[in-house]
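> sequence and predicted structure below; questions after.
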Amino acid sequence: MQSNLSILLNKIKGNWSLQENFYFILNRKQKKYKEQASFLKNLKNNKFNIYNCLIENANNKKLIFKLEKVEKNLIIITNVHRNKKISSKEYIYIISNNFMISLIIIKNLTKKQYIGLKVSSYIRIIQKTL
């Protein structure tokens, strides 16, 4: 799992154009956002230790997240927000070096019903060199 994770983290380094689509099941409304994202930049030696990050956030009493699966082009992450009784499951698919998709399913734990879906697409911003 560690080697697959480091391969995936190396693939996502850089600047990305991000488009997010939220669909709220309860009121059947959709919201769209466009922005830019930068992953794993400006870090000491450009190394990111996901396990240290997990340990630091495990002490957070409001939010727990767990890496469920790490494969060559797929990461599955489960999040639980204790105070709001909400959980989400995120599937991140790396299609190519320049394109990835994220699908998040959000569920209310007390009512045991799905409340939303978020689909995000990431397209790498290619830096032009002179």
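Everything's here; your move.
> let me see the contact set for K34.
By Cβ atoms under 8 Å, 6 or more residues apart in numbering, the contact set of K34 is S17, L18, Q19, E20. Using the backbone N, CA and C atoms, a C-beta is placed for each residue, glycine as well.
> make TSV from those residues and add pLDDT, neighbour count and distance to K11 to it.
Output for these, formatted as TSV (pLDDT from 0 to 100; neighbours: other Cβ atoms under 10 Å; distance: Cβ to Cβ, whole Å):
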residue	pLDDT	neighbour count	distance to K11
S17	90	13	16
L18	89	15	16
Q19	92	13	19
E20	91	17	20
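> these in strands, which ones?
Among those, the residues falling in strands (DSSP state E) are S17, L18, Q19, E20.
> which member of the residues you listed is positioned nearest I94?
L18 (14.5 Å; Cβ to Cβ).
> can you name the next helix or strand after the helix or strand of the chain with the lowest mean pLDDT?
When each helix and strand of the chain is scored by mean pLDDT, DSSP states H and E, helix 50-58 comes last, with a mean of 51. Sequence order places strand 63-70 as the next helix or strand after helix 50-58, per DSSP states H and E.
> need the next SSE after that next one, C-terminal direction.
Taking DSSP H and E, what comes next after strand 63-70 is strand 74-81.
> give me the sheet partners of that next one and which way each runs.
strand 63-70 (antiparallel), strand 86-96 (antiparallel) (DSSP bridges).
> dump those to a markdown table, plus distance to K107 and mean pLDDT.
Listed next are these as a markdown table, based on distance: least, Cβ to Cβ, whole Å; pLDDT from 0 to 100:
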| stretch | distance to K107 | mean pLDDT |
| --- | --- | --- |
| strand 63-70 | 14 | 75 |
| strand 86-96 | 5 | 90 |
